[in-house]
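J.: I'll drop the sequence and a predicted model, then ask my questions.
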Amino acid sequence: MGGVFVVVEGPDGAGKSTLARWLATRLLAEGRRVVTVREPGGHRWRRPARKVALRFPHAMAPAAELFLMLAARADLVERVIRPALAAGRVVLADRFDLSTMAYQVAGGGLPREAVEATNRVATGGLAPDLTLVLDVPVATGRERQRHARRVRDRFERRDDAFHQRVLQAYREATGPGVVHIDASQSKQSVQDAAWREIIASAAHTTRGVQ
């Protein structure tokens, strides 16, 4: 397997982080070299960026939120993701650019074309080989969060109307490598579906690395 860039996406409570951890463990067990990242944050100064983005106690302008996310993403792509792909590793990301389209554009109301152009600057045009979009209704995601008894972040505390816009954006997402998975299924079913897609993507990726 050469370098493959896999992203797990979806609304809050869909099980992204749980699936990403399971996929990383499975890939390692299969003898793959894996680099795991999450957005925002995950490396050096991006950790403070994550803290501000998710824990900032006051309202934040959508544009300020966007640039915070993109600054962290630009550094992540340049310092971690591209080098890992060039070294033939599997990069497994908990969120990437589709989250921007869902949260800052659909949820926050920012103009899509301008955000897409700015995101291309941040990523240098890098796109995932595979984006696994987990789908659960807003009510299901909320219930899972309550069951987990964890402190909710700024985004998770937004109202249902916001989260419904986010969910709809995810459901309408299309493009090369975008695959939708019903995350209301059993955990095993979700894992099996995701693993099949990763194997298929690895077999067909044309990224020029060893």
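T.: That came through fine.
J.: count of neighbours near residue 112?
T.: Using other CB atoms under 10 Å, residue 112 has 12 other residues around it. Every C-beta, even on glycine, is put in place using the N, C-alpha and C of the backbone.
J.: what's the answer for residue 147, then?
T.: Residues within reach of residue 147, counting by other CB under 10 Å, total 9.
J.: is it true that it lies in a strand?
T.: No: under DSSP: H, G, I helix; E, B strand; the rest coil, residue 147 sits outside any strand and is assigned helix.
J.: Is residue 99 in contact with residue 40, as I believe?
T.: No: counting by CB atoms under 8 Å, residue 99 sits too far from residue 40 to count as a contact (9.2 Å).
J.: Mind listing the shared neighbours of the two?
T.: Residues touching both residue 99 and residue 40 by CB atoms under 8 Å, 6 or more residues apart in numbering: residue 69.
J.: List the residue ranges of this protein that fall below the pLDDT cut-off.
T.: Along the chain, the model assigns pLDDT under 70 to residues 1-2, 41-58, 148-156, 205-210.
J.: Strands of that one, residue ranges please.
T.: Along the chain, the stretches classed as strands by DSSP state E are 4-9, 34-38, 90-94, 130-135, 178-182.
J.: Run the angle between the second one and strand 90-94 for me.
T.: Here strand 34-38 points in a direction 20 degrees away from that of strand 90-94 (axes from the mean of the first three to the mean of the last three CA atoms, to 10 degrees).
J.: Give the pairing partners of strand 34-38; include direction for each.
T.: Paired neighbours of strand 34-38 in the sheet (DSSP bridges): strand 90-94 (parallel).
J.: Count the neighbours of residue 59 for me.
T.: Residue 59 has 8 nearby residues by other CB under 10 Å.
J.: show me what contacts it?
T.: Per CB under 8 Å, 6+ apart, neighbours of residue 59: none.
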